[in-house]
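Engineer: Below are the sequence and a predicted model for it; my questions follow.
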Amino acid sequence: MTERAHPYIPNSVPEVKAAMLAEIGARSIDDLYADIPETLRFRGKLNIPGAMASEIQLRKHVEKILDRNTSCEEAISFLGAGCYNHYVPAICDEISRRSEFLTAYAGEPYEDFGRFQTLWEYESLMAELLDMDICNVPTYDWFQAASTSLRMAGRYTQRSRALVAANISPDRLKAIRNYCEPVLRIETVGFDPKSGLLDVADLKGKLSCEVAAVYFENPSYLGFLETQGQLIADLAHACGALLVVGADPGSLGVLTPPSNYGADIVCGDIQTLGNHMNFGGGMGGFIASRDEEKLVMEYPSRLFGVTRSEATGEWGFGDVAYDRTSFAHREKGKEFVGTAAALHGITAGVYLALMGPDGMKELGVHLLQKAQYLAKRMSTINGVKAPGLVAPFYKEFTVDFNGTGLTVAGINRALLKHDIFGGKDLSMDFPMLGQSALYCVTELVSREEIDTFITTLDGILGGK
Amino acid sequence: MTTRSFKIRNNFHQAKWDEELIFELHKPGERGFVVAPVEEGIAEEVGDGLSALPPSMIRKQAPALPEIGQMRVVKHFMRLSQENLGGDLNIDIGQGTCTIKYNPKINDVLAGNPKMARLHPLQDESTVQGALEVLHSLDLYMREISGMDRFSFQPASGSAAILNMVSIIQAYHRDRGEAETRDEIITTIFSHPSDAAAAAVKGYKVITLFQNEDGLPEVEDLKKAIGPRTAGLLITNPEDTGIFNPRIAEFVQLVHEAGGLCGYDQANVNGIMGITRAKEAGFDMCFFNLHKTFGTPHGCGGPAGGALGVTKALKEFLPVPLVEFDGNTYSLNYDVPKSIGKTRAFYGTVQVALKAYAWIRALGAEGLREVSEIAVLNNNYLLEKITKIRGASAPFAKGRRRIEQVRYSWEQLYQDTGVTTEDIAYRIADYGMHLWSSHHPYIVPQPFTVEPTESYSKEELDEYIAVLAKISEEAYTEPEMVRTAPHRSVCHRIDHHDFDDPAKWAITWRLYKRKHMDKK
């Protein structure tokens, strides 16, 4: 290190260092490492570039790297598939960047009162949106939320199989398998290739008294609405299994919440509620259920509760049933708990407080209309079928390009030249759909941009 | 000019707004945010949007979210933020094991750049070369710091990285046809709870080694624990006591000889960067917490980041995709046949990885080593002073130096005064500070762990020491005052019994209303 102290390391001032060493009776820093045997000492030099202690230099360096990215701000994007380019209200940024929240971690419910209250409010706002009694402090993402929901169902029912709709995100299915197996066996249930809807006959064939849970998503990964929710719930419940439903909370201003058609556990992602995409880093998972002691005791997550002091009239907050957790009982706790996505939960709470019931409804209606408009315009183009799956949809839908004679990859490459990000290519993940793509709109895509896209796509496909 | 001659903020009082719960702010008709209707022409084409849905899928009753004007929403959350003592305000060294250090502001600015914040993960690779470059470069730096051969940033936290390590252990043995027979994972009591818990999640029997009088696990105990059923070892070093296990290489060798894999939990690496590495100790895998060691903010508990590193032999088991670089272009590689698959959506918390990248570049190789050296110096300085405070002690390894933190005990103080470590954790809030009380199980009685990192000046360390000494004195002279603390925080001591009673717990507003208001 140079003589100059690094801005991040105040005690590297040589005089301070010397004084502190003297105070503890050490001759050198190396004395402090006496417990590390020489055979384990690294005596080489780390091959890492030299310090950029100047913030100006660092900023220019990183911004130059970031300049190689093209953001969704600079393009017309139809990408969704689990991460969404929704508008983030300025207040969400303002609060999530407050350093009191950003730099805090795990204080007590007194000096970290704000963290407890905001996350309790998040739980409560989500509960209203989902029409359920309980929601957890966020876990990592939907992948984890779905995996844990199924494990909770496994412990609750003391059963060892779970049936998962085969029309969910293939990546999410991989994560569920990795997390649940070998303790819980994951089997898939087929779907109708025309509509995407769950194949109820297949479900009936696979249901048994060993099944802990049935899992499907609504809106589905492929965008359509699963309209057989109550039927699936009844079938699952008749076998003593729980119904677990994955949902986009942003859709619930207009769509029926899964609890209303029999879901016992609902899970999903809160990225849509005021969190930036961050190249997929903006995710946060939620798990919700009814307030049944047996089920609540199966949550691995933190659950914050409110109480009111009789003496002072103050609100107070704390951990509910902390003894469930691995913090309290290591491997005897429920799964594990640790740092996950709390700040995304705080932000989602701000978002819901801002939006209110009317904002959520306006958003839902806006997205329905815009997605329907996009589909309608796309289907006017020769060889393009939109939606590809014949079922009502929310903000995403499949587009069938098989009639164009072109691949989705080829079409997307051509669109990219016009700064348009075409929908996600489904040809690898869902080969039965052939050359299909998943198109998504948000409130950030304007009618004008949709019209520009239609003209461009028409041109790429050779005009009419 | 006068300077302060005291080191204790006797007049501190945290912001206390007596702020309402968000639901109490509900005023029918008020609006916080308006979503514009779709542009002209769309409704004419498709109608009202809702008609296309079957009636069963249309929500009947609007969610009972509060209706609040925009400014009042801002005020509410601003007030709550003031009622939170973040790391920027606090001398946050009492959150030991968590490495609370300075989170450079510039890194938040960089991560807020739309060219990071507004990237969609499924964009064409040609449009995200910068993001992939960051991930690739960070991989190279992590390889240097650990000696491992390849990193994945998919795990979203330390615990997630542990789960990935366990998944790799399982996939490795399955690949060799031994998954059924190797069903035990060994860890130590001073390793993070998740080392035990994540192993149990994957169906393993967990064997926990306890400490000897030096606070370390015994090689003899390990020998008794290993055998043909051993799948692997997950171990923290230095352990949460701050004591470095000098026989760590022997542990690894013994587990290897038994056919197991070894994962190094490097949550406590802040004191040993550039000093000793996972490679030299023989490990197969390790992980770092970006939000601890690498200066990214903790965000009240995430988003965080786990950097998972493995040796060449285990690269084929890493989660997909891997970031590749051919000297010209960066790409995402999904062709990893033995991969454990996906463990998190997309590629991890990339905005956190960017902050860690910027932190490493700001420090450089020599700076990283300086971080560790000063963190260790600060820690041993605290050790010297805190053990002189009445009622405090540092169990195990008497007379030896510690690495980055120390797990202390208030047992003597508790015996003398009845004041617990929890009471002290609440009292210290009255001085604008924090002391974490959760270190279960209480192997060290009345435990507290202090981890100063490199970020705090000697004056700040002195202030923290002076406050601990002051509270000790208070415990001996007016214990009742300490037992009823906090007195100058956001709220007074609350009764936690309701939180463990299913008839009373109120995890949400609707439950509070149902259980506590409707009954009145």
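Structural biologist: Everything's here; your move.

Engineer: which residues sit in contact with the closest residue to chain A within the stretch 301-450 of chain B?
Structural biologist: Nearest residue of the stretch 301-450 of chain B to chain A: B:Phe346, at 2.8 Å (C-beta to the nearest C-beta). The C-beta positions use only the backbone N, C-alpha and C, and glycine is treated the same way. By C-beta atoms under 8 Å, 6 or more residues apart in numbering or on different chains, the contact list for B:Phe346 reads A:82-83, A:279-281, A:283, B:121.

Engineer: Output these as CSV; include the columns neighbour count.
Structural biologist: Output for the contacts of B:Phe346, formatted as CSV (neighbours: other C-beta atoms under 10 Å in any protein chain shown):
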residue, neighbour count
A:Gly82, 25
A:Cys83, 26
A:Phe279, 32
A:Gly280, 24
A:Gly281, 34
A:Met283, 32
B:Pro121, 22
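
Engineer: of the residues you listed, closest to A:Lys60?
Structural biologist: Using C-beta to C-beta, A:Phe279 comes nearest to A:Lys60 of the contacts of B:Phe346, at 21.4 Å.

Engineer: So which residues on the stretch 151-300 of chain A come close to chain B?
Structural biologist: Contact residues (C-beta under 8 Å from any C-beta of the partner chain) of the stretch 151-300 of chain A with chain B: A:151, A:171-172, A:174-175, A:177-179, A:182-183, A:225, A:227, A:229-230, A:252-257, A:260-261, A:269, A:276-284, A:291, A:293, A:296.

Engineer: And the helices in the stretch 1-150 of chain A?
Structural biologist: Ranges of helices in the stretch 1-150 of chain A, per DSSP state H, counting those that start in this stretch, are A:14-23, A:55-66, A:90-96, A:99-102, A:113-130, A:142-157.

Engineer: quick one on the thing from earlier: which pLDDT value goes with the residue of the stretch 301-450 of chain B closest to chain A?
Structural biologist: Here, the pLDDT recorded for B:Phe346 equals 96.

Engineer: Could you verify that it is part of a strand?
Structural biologist: No - under DSSP: H, G, I helix; E, B strand; the rest coil, B:Phe346 sits outside any strand and is assigned coil.

Engineer: Ranking helices and strands of chain A by mean pLDDT, which lands last?
Structural biologist: helix A:326-329 (a mean of 78; mean pLDDT, DSSP states H and E).

Engineer: Tell me which residue is most central in chain B.
Structural biologist: B:Cys98 (5.7 Å; C-alpha atoms, centre = their mean).

Engineer: show me what contacts it?
Structural biologist: B:Cys98 makes contacts with A:105-106, B:292, B:298, B:436, B:451, as judged by C-beta under 8 Å, 6+ apart.

Engineer: Then B:Leu382?
Structural biologist: Here B:Leu382 is in contact with B:93, B:406, B:450, B:452, B:461, B:464-465 (C-beta under 8 Å, 6+ apart).

Engineer: What about those, which are in helices?
Structural biologist: The helices, defined by DSSP state H, take in B:461, B:464-465 from these.

Engineer: Of those - the most surrounded one?
Structural biologist: Among the ones in helices among the contacts of B:Leu382, the one with the most neighbours (other C-beta atoms under 10 Å in any protein chain shown) is B:Tyr464, at 25 neighbours.

Engineer: distance of that one from A:Leu406?
Structural biologist: Distance of B:Tyr464 to A:Leu406, given as C-beta to C-beta, to the nearest Å: 66 Å.

Engineer: re earlier: which one among the ones in helices among the contacts of B:Leu382 gets closest to B:Ala392?
Structural biologist: Set against B:Ala392, the nearest of these by C-beta to C-beta is B:Ile465 (10.3 Å).
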